[in-house]
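Chemist: the following block contains a protein sequence and its predicted model.
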Amino acid sequence: MTFTNAKRCTVDTGLWLDPYTGNFYFLASDLDVEHIVSLSWAHGHRGANWSVELKRQFAEDHENLWLVDDGRNQSKGDRGPDEWMPPYEPVQAIYAQRFMAIVEKYGLKFSQEESVQVLALLEE
């Protein structure tokens with residue numbers, strides 16, 4: 001890994017595997033820190049009334065963060081697995097499982113329609 005300065009605060013290069021595409025990346029600038037369950041999605045699914053502390057915990061939860069291709073992160077936006085799945089097929093079930101685990105961990109709730117679609121994805 002290389003850094004942009006002597007203080008070693010900002011990573012410049014390394015080797016990362018993007019779970020959304022299955023591609024390897026060498027430049028940190030090509031990656032985004034992705035919330036598997038986005039802050040916006042959580043807000044609209046019972047997270048709106050969380051305390052500031054719980055919102056911070058959720059935003060910084062390592063179980064909810066992946067390093068992914070910055071363009072893929074932007075294409076996902078704040079959609080859940082009923083509307084968006086990673087294009088790399090081998091990770092789709094893992095993504096859906098991780099999404100559901102975060103939803104459960106934080107007491108979030110799928111709509112009835114979302115729930116039916118996500119359960120169908122897990123059964124495939």
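Modeler: Right, received. Where do you want to start? Residues are numbered from 1 along each chain as shown.

Chemist: so what's the residue most central in space within the chain scoring on pLDDT?
Modeler: With the centre of the chain defined as its mean C-alpha position, the nearest residue by Cα atoms, centre = their mean is Ile36, 1.9 Å away. Ile36 is assigned a pLDDT of 96 by the prediction.

Chemist: wait, it sits on Leu65?
Modeler: Yes: here Ile36 reaches Leu65: they are 7.3 Å apart, a contact under Cβ atoms under 8 Å. Every residue, glycine included, has its C-beta placed from N, CA and C.

Chemist: related to what we said a few turns ago, got a list of what the residue nearest to the centre of the chain touches?
Modeler: Shown in contact with Ile36 (Cβ atoms under 8 Å, 6 or more residues apart in numbering): 64-66, 95, 98-99, 102.

Chemist: the same query, at a cut-off of 6 Å, please.
Modeler: Shown in contact with Ile36 (Cβ atoms under 6 Å, 6 or more residues apart in numbering): 64, 98-99, 102.

Chemist: select the longest strand from this structure.
Modeler: The strand of greatest length in the chain, counted in residues with DSSP state E as the criterion, is given as strand 11-17.

Chemist: give the pairing partners of that strand; include direction for each.
Modeler: strand 2-3 (antiparallel), strand 24-27 (antiparallel) (DSSP bridges).

Chemist: for Arg56, find the nearest of those strands.
Modeler: When the strands paired with strand 11-17 are ranked by distance to Arg56, counting by Cβ to Cβ, first place goes to strand 2-3 at 26.5 Å.

Chemist: contact partners of the closest one?
Modeler: Contacts for strand 2-3 (Cβ under 6 Å, 6+ apart): 12-13.

Chemist: one more pass at 7 Å, please.
Modeler: Applying Cβ atoms under 7 Å, 6 or more residues apart in numbering, the contact partners of strand 2-3 are 10-13.

Chemist: closest to Glu123 out of the residues you listed?
Modeler: Minimum distance to Glu123 across these is 39.1 Å, recorded for Val11 (Cβ to Cβ).

Chemist: many thanks, I have nothing further to ask.
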